[in-house]
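Student: Output the structure for:
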Amino acid sequence: MYQINPQARHVKANSKKGADRIVAILEAALHTLTEKGYSGFTMRNIAKQAGISLGNITYYYKTKEAILHDMMDAVSEAYQGALDKIITDESLTDEDKMQKVLEQLILDLGEKETTLFFPEIWALSNHDAYVAENMDRIYSRARSLIARLIEKINPNLSKKSCQLLSLFISASIEGMTPFIGYKKEFSQARVTMANFASQQFVHLAQRLNDEEIEAQSLQELLETTP
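Tutor: Now for the predicted structure:
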């Protein structure tokens, strides 16, 4: 999980005090959600975790849903910012960038907040359209970034093939959580898995061609993939 920044769109973030308070609230909200689950995600618990009064927290956010939505925006932007730092590093080759992006995503699975946060959000996305939209945005941004790197590494692949391979890689990474996530059975193998998997995914992107991908009879999946 990456560093949370204040949401620029928040009307009370136009001063350092306001911005600092918003960050404190969002960090407290993230901690509360991961430690207590959504059932414990209350204004009172968030205020207690942030070390401020309930009245103070309602000055910035009227409802816990408003906090949840701003928290989702902050998490989405934090992930994007962390990956953008790798992509804009001119000292790295495209292959290095892809490997580092994938390593980063896999290593992040071992963070307590990541392991506990996303299952809560997956469940909430079934009932909250805003949460569902932001979840889709987080995953879509990561897939698009990986697809663009694949296209640079292997320019002979079609756009659809790059998207499909990116989808495969993203799904494979997400599937590691139950095994190498925080306090999971194989959490100690996380670094090894990150190194091995990222290298193999890059090699796969380098060597595959459209015919091999189309032969898997999976191309039609892209017709319904955003």
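
Student: Could you use CA atoms for every contact and neighbour count after this?
Tutor: Fine.

Student: residues near residue 153, how many?
Tutor: 19 (other C-alpha atoms under 10 Å).

Student: who's in contact with stretch 53-72?
Tutor: 7, 12, 22, 25-26, 29-30, 41-44, 47-48, 130-131, 134 (C-alpha atoms under 8 Å, 6 or more residues apart in numbering).

Student: Tell me where the chain has helices.
Tutor: Remark: helices assigned in the chain by DSSP state H are 16-36, 43-50, 54-60, 64-87, 94-108, 112-124, 129-153, 159-174, 177-180, 190-207, 210-214.

Student: which of the ones you listed is buried the deepest?
Tutor: helix 94-108 (a mean of 21; mean count of other C-alpha atoms under 10 Å).

Student: Give me the domain ranges for this structure.
Tutor: 1-71, 89-224 (automatic domain parsing).

Student: name the helices or strands packed onto the helix or strand of the chain with the lowest mean pLDDT?
Tutor: Taking mean pLDDT, DSSP states H and E as the measure, the chain has helix 210-214 as its least confident helix or strand, at a mean of 83. The helices and strands touching helix 210-214, judged by 3 or more C-alpha pairs under 8 Å, 6 or more residues apart in numbering; DSSP states H and E, number zero.

Student: Any regions of the chain where pLDDT drops low?
Tutor: Across the chain, the ranges flagged by pLDDT under 70 are 1-14, 216-226.

Student: Quick check: residue 125 touching residue 136?
Tutor: No. If you go by C-alpha atoms under 8 Å, residue 125 and residue 136 don't touch, sitting 9.5 Å apart.

Student: Report the set of residues contacting both of the two.
Tutor: Counting by C-alpha under 8 Å, 6+ apart, nothing touches both residue 125 and residue 136.
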